[in-house]
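Chemist: Show me the folded form of this:
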Amino acid sequence: MNIEARRFTIDDASAARGSCRLCSMPLRRSMVDLGMSPLCESFRRPEERDTMEAHFPLHALVCEHCLLVQLKAYVTPEHIFREYAYFSSYSTSWVAHARAYCHAIARRLGLGADSLVVELASNDGYLLQHFLPMGIPVLGVEPAANVAAVAEAKGIPTLVEFFGVDMARRMAGEGRQADLIAGNNVLAQVPDLNDFVGGIRILLKPEGVCTLEFPHLERLIAENQFDTIYHEHFSYFSFHTILRMAEMHRLKVIDVEELPTHGGSLRVHLARLESARAVSPAVAALRDREDAAGVREMATYEAFAGKVRRTKRRLLSFLIDAKDRGRRICAYGAPGKGNTLLNYCGIGTDFVDFAVDRNPYKHGLFTPGMHIPIRPVEAIDEARPDYVLILPWNLKDEIVAQMRHIGDWGGKFVVPIPEAMVIDPKEMPA
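Modeler: Numbering: from 1, shown residues only. Purely as a prediction, here's the structure:
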């Protein structure tokens, strides 16, 4: 594999990159530079299309000491998350994933009416709602007021705040320590990791457990998932980095599960270091597997940029050929990852006529940067496009099952990651 990323030593460029947000060592190494891009959830209203749109560098760096892959924080969490366009409940498969987790973890930990479950970044209640019929008390922590209101309407008490050490101390002082803390796809969105993880230790009961789910960096690299890099995700985690982070905060990883969600995720189970909970053999097994995959070798990170550039060229070649043949293309979904892909590859309305999304919050808006109009899903049936570009490729099975009728007019699906691939619904088993 050719290494196309530049190697850096300590010089003016590396000094300008600052220090690691986990271990504070200087950041010297580049993983991939995706150019300038707008915030991936900054959808544009029609009247905003002719106004200036902020773009920021989308440059992933890797710390050679703790292996944390990270972006510099160009905007504050308050700017990104006070009003958020992502509602978890619009993904049927994600809600089913949450339901299965709730029942399994309740049995595993013996949760009951005397327990407390706290979810960090609880969104619209997609997860905590499943504990209510079991009679298990819950509390959500969600900084986006618009989605927190949806959770409250479901009967889920929710604190509209950002979580950290100060909040955890206040809750513990009020006698609200947790038997279970859940954090799904929030760790990547935390700019101050040490404040966040320090708060988790404080909030946990002595034998409490925290589970964190996040996309696995090993899979991101192996499967070329560069579109999962965006400004709202400040950090990208290998298991090695998680072990280092836990040790820094007097926590221990007692178990780890590999999940298919979001293109391949980890669910780590954390407990206080002094807890009596035993460590599963899965912990050493995954640590050793990452070693074998080269996760602790800088060459693994530096080779990634070349793979990304090749994928961009091949996707654009496919789209150019399709348009030259007079084919009509639309996109399914307007997720954050899709906007990274569209902006990095320069795919606008010259290629994609419109996008559709199940979330009515996005209807009538335009994607950031490329300004592709977003419509209800029914617009696909009206337009009858030749190709449907699936931007949330991690949900491709769910989307193909929902939309396989596009084959009735000869329509096909295009999945862009890890490489452009065409799916003909007529060739799929019923």
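Chemist: quick one: residue 98 and residue 127 touch, right?
Modeler: Yes. The pair residue 98 and residue 127 passes the contact test of C-beta atoms under 8 Å, sitting 4.1 Å apart. (C-beta placed from N, C-alpha, C; glycine too.)
Chemist: which one of those two has more residues nearby?
Modeler: Just comparing residue 98 and residue 127: by other C-beta atoms under 10 Å the higher neighbour count belongs to residue 127, 27 against 23.
Chemist: Return the per-residue confidence for the more buried one.
Modeler: Among the per-residue scores, residue 127 holds a pLDDT of 94.
Chemist: which ones are touching it?
Modeler: Applying C-beta atoms under 8 Å, 6 or more residues apart in numbering, we find residue 127 in contact with 88, 98, 101-102, 119, 182, 184.
Chemist: Among those residues, which lie within helices?
Modeler: Among the contacts of residue 127, the subset assigned to helices under DSSP state H consists of 98, 101-102.
Chemist: Between these, which sits nearest residue 212?
Modeler: residue 101 (12.1 Å; C-beta to C-beta).
Chemist: if I look at that closest one, how far off is residue 215?
Modeler: Going from residue 101 to residue 215 by C-beta to C-beta, to the nearest Å gives 16 Å.
Chemist: and if you look at residue 177?
Modeler: 29 Å.
Chemist: Sort out which one of the ones in helices among the contacts of residue 127 lies nearest residue 194 for me.
Modeler: Closest approach between those and residue 194, by C-beta to C-beta: residue 101, at 26.4 Å.
Chemist: Share the number of residues neighbouring that closest one, please.
Modeler: With neighbours defined by other C-beta under 10 Å, the count for residue 101 comes to 19.
Chemist: Provide a list of residues in contact with residue 277.
Modeler: Listed by C-beta under 8 Å, 6+ apart, the contact set of residue 277 reads 207, 209, 254, 271.
Chemist: hang on, the first one is in a strand, isn't it?
Modeler: Translated: residue 207. Yes. Secondary structure assignment (DSSP: H, G, I helix; E, B strand; the rest coil) places residue 207 inside a strand.
Chemist: Before we move on, what's the pLDDT of it?
Modeler: 98.
Chemist: what's near enough to touch it?
Modeler: Taking C-beta under 8 Å, 6+ apart as the criterion, residue 207 is in contact with 271-272, 275-277.
Chemist: Most widely separated two among these?
Modeler: Top of the distance list for the contacts of residue 207 (C-beta to C-beta): 272 and 276, 9.7 Å.
Chemist: Identify each of the strands in the stretch 51-200 of the chain and give its residue range.
Modeler: Listed from the start of the chain, the stretch 51-200 of the chain has strands (DSSP state E, counting those that start in this stretch) covering 56-62, 69-70, 117-120, 138-141, 158-159, 178-184.
Chemist: helices or strands up against the second one?
Modeler: Translated: strand 69-70. Applying 3 or more C-beta pairs under 8 Å, 6 or more residues apart in numbering; DSSP states H and E, we find strand 69-70 packed against strand 56-62, strand 235-236.
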